[in-house]
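Novice: below are the sequence and a predicted model; questions follow.
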Amino acid sequence: MLSLPPALFLVMLELTVGSFVSLYFLDVRGDTSRGFVLFQGVLYFIFAVLTLLAMNAFASPAVVHGRGLDETWLDAQGPLMAAFLLLMVPWNILLWLDRQPRPARGKAAREAASARPTRLRLARFAVGGINVLTGAATLFVVGMAYRTLASSRLDGAFVVATFLMGGIALGGVMTAMLLGHWYLNTPTASGKPLEFATIITVAALALELLFTLAIGPSTAHTTLKTVTVSPGTQITTGQNGVVISTPTVAPGQKPPTTAQVREAPLSTGAMFGLQFVMGFLAPLALGGVALWLARGRSFQSATGMLYLCVSFIFIGEILGRGLLLMPVF
């Protein structure tokens, strides 16, 4: 359970950065409704605030000290996360001020595409691009800090790659799912943005699966010290000091083993299996179906598939980050 709080921060960071990256590229494409981008910009700003709070509570250098991380990289975690949050403020302001019409469908789309964007829009694209790089840098330094937990292959490079691809997959599917809901209000809108967001999700998820398979065994146990305590031992602290008592075993009776005293409901192997089935295979299949439905303009059905994808990918990311933080002996 001690691995869950920092794992929650890691997943929140992936969700926040990946969501903004996918929204930024949809904004640059210009074929998404202004109302959707406005709504998502405010929502993802709230995500960033929650992520910053989660970082300070669950994943600050003082909290994760002693877990075997490369803590030198954590010095840049806080400033980069704060910069990412602050850059979303001018980006949202420029978005609200920009009222230049977006491209429509058909002939109007070609005419709008030929028109030069205003300086306000170019400024927003520049600020958003800088923020995308800041978010990617945040994921990179966090991945570099946590790579030592599984550095048996390429010095943990695959761990860093899973952080980056996991962020794109989780953020992309969140944006795609919310975009699918937006089509319920605008059923005649172009389906290209939904197809684009779904393709990003499926591609990032496939790459994350490959990188996860290549990570290799955990190496966290080499940096951790453990103390074995006999089952049934009781430690009492009072005015007379610390009293340690261990029950005496009767002659001919074997003491209970640790597995008999406390047994985990699921083994580590079962958790790995759940991660691959629920976090990769199921959402890859559902994402493919969602893409096929979006191309057929069955937006309501595609949104249902993407809704399931969000749930499965979120569970898979929690399992993956929790298993990374769980030492293997």
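Specialist: On my side now, so go ahead. Fair warning: this is a prediction, and the values are worked out from it, not measured in the lab.

Novice: show me which positions of stretch 65-75 end up buried.
Specialist: 67-69, 71, 73-74 (16 or more other Cβ atoms under 10 Å). Glycine gets a C-beta too; all of them are placed from N, C-alpha and C.

Novice: ditto for stretch 3-15
Specialist: In stretch 3-15, counting by 16+ other Cβ under 10 Å, buried: 6-15.

Novice: repeat for stretch 193-202
Specialist: Under the neighbour-count criterion of 16+ other Cβ under 10 Å, stretch 193-202 has 193-198, 200-202 buried.

Novice: stretch 36-55 now?
Specialist: By neighbour count on 16+ other Cβ under 10 Å, the buried set for stretch 36-55 is 36-37, 40-41, 44-45, 47-48, 51-52, 54-55.

Novice: what does it rub up against?
Specialist: 8-9, 12-13, 15-16, 19-20, 23, 26-27, 77-78, 81-82, 84-85, 88-89, 91-92, 95-96, 175, 178-179, 182 (Cβ atoms under 8 Å, 6 or more residues apart in numbering).

Novice: show the buried residues in these.
Specialist: Listed as buried from the contacts of stretch 36-55 are 8-9, 12-13, 15-16, 19-20, 23, 26-27, 77-78, 81, 84-85, 88, 91-92, 95, 175, 178-179, 182; burial here means 16+ other Cβ under 10 Å.

Novice: so how far is the host helix or strand of T51 off the chain centroid?
Specialist: Take DSSP states H and E as the rule and T51 turns out to sit in helix 34-58. Offset of helix 34-58 from its chain centre (Cα atoms, centre = their mean, to the nearest Å): 13 Å.

Novice: stretch 284-292 now?
Specialist: Computed by Cα atoms, centre = their mean, the chain-centroid distance of stretch 284-292 equals 20 Å.

Novice: ditto for stretch 279-289
Specialist: Distance, centroid of stretch 279-289 to centroid of chain: 17 Å (Cα atoms, centre = their mean).

Novice: send me it as CSV with only the CA atoms.
Specialist: Once non-C-alpha atoms are left out, stretch 279-289 reads as follows in CSV (Å, rounded to 0.1, in the frame of the first residue of the first chain):
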residue,chain,number,x,y,z
GLY,A,279,-4.0,-2.1,-19.4
PHE,A,280,-2.8,-3.0,-22.9
LEU,A,281,-4.7,-5.8,-24.7
ALA,A,282,-8.3,-4.8,-23.8
PRO,A,283,-7.8,-1.1,-24.6
LEU,A,284,-5.9,-1.8,-27.8
ALA,A,285,-8.9,-3.9,-29.0
LEU,A,286,-11.4,-1.4,-27.9
GLY,A,287,-9.4,1.5,-29.4
GLY,A,288,-9.4,-0.3,-32.8
VAL,A,289,-13.2,-0.8,-32.6
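
Novice: and for that stretch, what's in contact with it?
Specialist: The contact list for stretch 279-289 (Cβ under 8 Å, 6+ apart) reads 173, 198, 201-202, 205-206, 208-209, 212, 305-306, 308-309, 312-313, 315-317, 319-320.

Novice: if you set the cut-off to 6 Å instead, what comes out?
Specialist: Stretch 279-289 has contacts (Cβ atoms under 6 Å, 6 or more residues apart in numbering) with 201-202, 205, 209, 305, 308-309, 312-313, 316.

Novice: what of stretch 130-143?
Specialist: Residues from elsewhere that reach stretch 130-143 (Cβ under 6 Å, 6+ apart): 17, 21, 24, 73, 76-77, 80-81, 83-84, 87, 159-160, 163-164, 167.

Novice: strands - which of the buried residues of stretch 3-15 land there?
Specialist: Counted as lying in strands by DSSP state E, out of those, is not a single one.

Novice: got JSON lines for those, with distance to R295 and pLDDT too?
Specialist: Listed next are these as JSON lines, based on distance: Cβ to Cβ, whole Å; pLDDT from 0 to 100:
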{"residue": "P6", "distance to R295": "40", "pLDDT": "90"}
{"residue": "A7", "distance to R295": "35", "pLDDT": "91"}
{"residue": "L8", "distance to R295": "35", "pLDDT": "92"}
{"residue": "F9", "distance to R295": "36", "pLDDT": "94"}
{"residue": "L10", "distance to R295": "33", "pLDDT": "96"}
{"residue": "V11", "distance to R295": "30", "pLDDT": "96"}
{"residue": "M12", "distance to R295": "32", "pLDDT": "96"}
{"residue": "L13", "distance to R295": "32", "pLDDT": "97"}
{"residue": "E14", "distance to R295": "27", "pLDDT": "97"}
{"residue": "L15", "distance to R295": "26", "pLDDT": "97"}
